[in-house]
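In: prediction below, plus the sequence it came from.
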Amino acid sequence: MIDINFLRQNPDKVRENIRKKFQDKKLPLVDEVLELDAKRRELQREGDERRARRNALSARIGQLMREKKAEEAAAVKAEVVENNERIAAIEAQTGEIAERLKKAMMAIPNIIADDVPIGKDDSENVERCRFLQPQEKPFEVPYHLDILERLNGIDLDSARRTSGQGFYYLLGDIARLHSAVLTYARDFMIDKGFTYVIPPYMIRSDVVSGVMSFEEMDGMMYKIEGEDLYLIGTSEHSMIGRFMNTVLDGKDLPLTLTSYSPCFRKEKGAHGIEERGIYRIHQFEKQEMIVICKPEESDEWFKKLYSYTVELFVSMNIPVRTLECCSGDLADLKYKSIDVEAWSPRQKKYFEVGSCSNLTDAQARRLGIRYKTEKGNAFAHTLNNTVVAPPRMLIALLENHLNEDGSVNIPEVLRPYMGGKEKIVPKK
């Protein structure tokens, strides 16, 4: 949510930002906000005047009663009653306008960075840098489900019976590899100075509306029937929600946190073969990194965060590239975002394995996250980034480390988490 003061002073910049994000249907919201804001301030002014008048009238009644002017006092009392009725009406109207104003403000996208490339969707994202040279395989790389099945590492049929489409059982060495990746990622971030956290996996609606837009919530979140609880789609949700309506000590910033959680997503829509299997699923696990910092620090932290993901993948000998998200591909709260994509030898192209976002103070405004400064309290900046999400990570690892005989080499950094095992071999 952007600053209402910024919108008052720069309505044309807000409109231009909406156009850059190709959300022209939201342009009327700017005038709606300005109108509601003006009406709210006028009502607040009148309310303040009437409350001051009420105090003066109350003092006048006391004086008249002491002077035994009962008739005049009764007339003033009638005026107090009328004045109080108007105050009550003002407060009710102000509350209604405040709700409408909040809803409109939350629908207006955050101001994007000046250097964000302008484009309608992810097809216009811009490659920034590549790390490690992709190696051509001297054999045809099978579909990742075929690799997993030959390694006796997955059971989709049973998962469909127990849970439906979009779920899976991981087995044996593959399940162990999955856990090894998460544990390595955890230790990797702890070594970077981040504090490890295991957060709640369910959050209330006021946290959900604070961390994402209404459109994102509808497309992602599973609601617990009969309760004000949602399953998290990423640990970022509960990690940021932890600081809702708090004032942090500026001396404690930045807060650098890394969290593990299972994640639950609806993943609406039909997808092609490359997005079946374990690429796009309803339940997965992820290691995340979160930073809460002062505004002047967020640009530097943004660069650090996605560089950590690149470093992690490179340490496992998986070629990656960074891709800057264009304006139309940015979610409403995002100021800037970089995707990290891993090389797929099978598809001979890169695919997304993580995303890093700077949300400036948009999330903090919605959630009320402030910090103390010498001049008073200010809104913090929030950032988040995927360290690793093993389902997609496993695809990249299996394809890049696959041997012609069907075995898979285990990257050296993961071997301590695999009991020293160097290779996973087919069972058949």
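Out: Okay, I see it. Residues are numbered from 1 along each chain as shown.

In: contacts for the lowest-mean-pLDDT helix or strand in the chain?
Out: The helix or strand of the chain with the poorest confidence is helix 214-220; it has a mean of 72 (mean pLDDT, DSSP states H and E). Helix 214-220 is contacted from outside by 106-107, 208-209, 212, 230, 233, 265-266, 268, 331-332, using Cβ atoms under 8 Å, 6 or more residues apart in numbering. All C-beta spots, glycine's among them, are computed from the backbone N, C-alpha and C.

In: now stretch 115-130: how far from the chain's centre is it?
Out: From the chain centre to the centre of stretch 115-130 is a distance of 20 Å (Cα atoms, centre = their mean, to the nearest Å).

In: per-residue confidence averaged over that stretch?
Out: Average pLDDT, stretch 115-130: 96.

In: alpha carbons of it, as CSV, please.
Out: These are the backbone C-alpha positions of stretch 115-130, laid out as CSV (Å, rounded to 0.1, in the frame of the first residue of the first chain):
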residue,chain,number,x,y,z
ASP,A,115,14.8,0.8,-13.8
VAL,A,116,12.2,-1.9,-14.0
PRO,A,117,11.8,-3.0,-17.6
ILE,A,118,8.3,-2.2,-19.0
GLY,A,119,6.4,-5.2,-20.3
LYS,A,120,3.0,-6.8,-20.2
ASP,A,121,3.9,-10.2,-18.8
ASP,A,122,6.7,-12.7,-18.0
SER,A,123,7.5,-13.2,-21.7
GLU,A,124,9.0,-9.7,-21.6
ASN,A,125,11.2,-10.3,-18.6
VAL,A,126,14.9,-9.4,-19.2
GLU,A,127,17.9,-11.7,-18.6
ARG,A,128,20.6,-10.0,-16.6
CYS,A,129,23.4,-12.6,-16.0
ARG,A,130,24.3,-16.3,-16.4
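
In: need phi/psi at Val314.
Out: The phi and psi values for Val314, taken as degrees, to the nearest 10, are phi -60, psi -40.

In: ranges for the helices of the stretch 301-428 of the chain?
Out: Counting by DSSP state H, counting those that start in this stretch, the stretch 301-428 of the chain has helices at residues 362-367, 390-400.

In: can I get these in TSV with mean pLDDT?
Out: Conversion of these to TSV gives the following (pLDDT from 0 to 100):
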stretch	mean pLDDT
helix 362-367	94
helix 390-400	92
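
In: same list (the ones you listed) but as JSON lines, adding mean neighbour count and distance to Phe351.
Out: Formatted as JSON lines, these follow (neighbours: other Cβ atoms under 10 Å; distance: least, Cβ to Cβ, whole Å):
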{"stretch": "helix 362-367", "mean neighbour count": "24", "distance to Phe351": "27"}
{"stretch": "helix 390-400", "mean neighbour count": "24", "distance to Phe351": "7"}
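
In: determine which of these approaches Val291 most closely.
Out: For those, the distance to Val291 is smallest for helix 362-367, at 11.7 Å, taking Cβ to Cβ.

In: and that closest one, what does it pack against?
Out: Other helices and strands packing on helix 362-367, by 3 or more Cβ pairs under 8 Å, 6 or more residues apart in numbering; DSSP states H and E, are helix 205-211, helix 235-241, strand 381-388.

In: how about these in a markdown table, adding mean neighbour count, distance to Glu140 and mean pLDDT?
Out: Formatted as a markdown table, the helices and strands packed on helix 362-367 follow (neighbours: other Cβ atoms under 10 Å; distance: least, Cβ to Cβ, whole Å; pLDDT from 0 to 100):
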| stretch | mean neighbour count | distance to Glu140 | mean pLDDT |
| --- | --- | --- | --- |
| helix 205-211 | 19 | 43 | 88 |
| helix 235-241 | 25 | 37 | 93 |
| strand 381-388 | 27 | 27 | 95 |
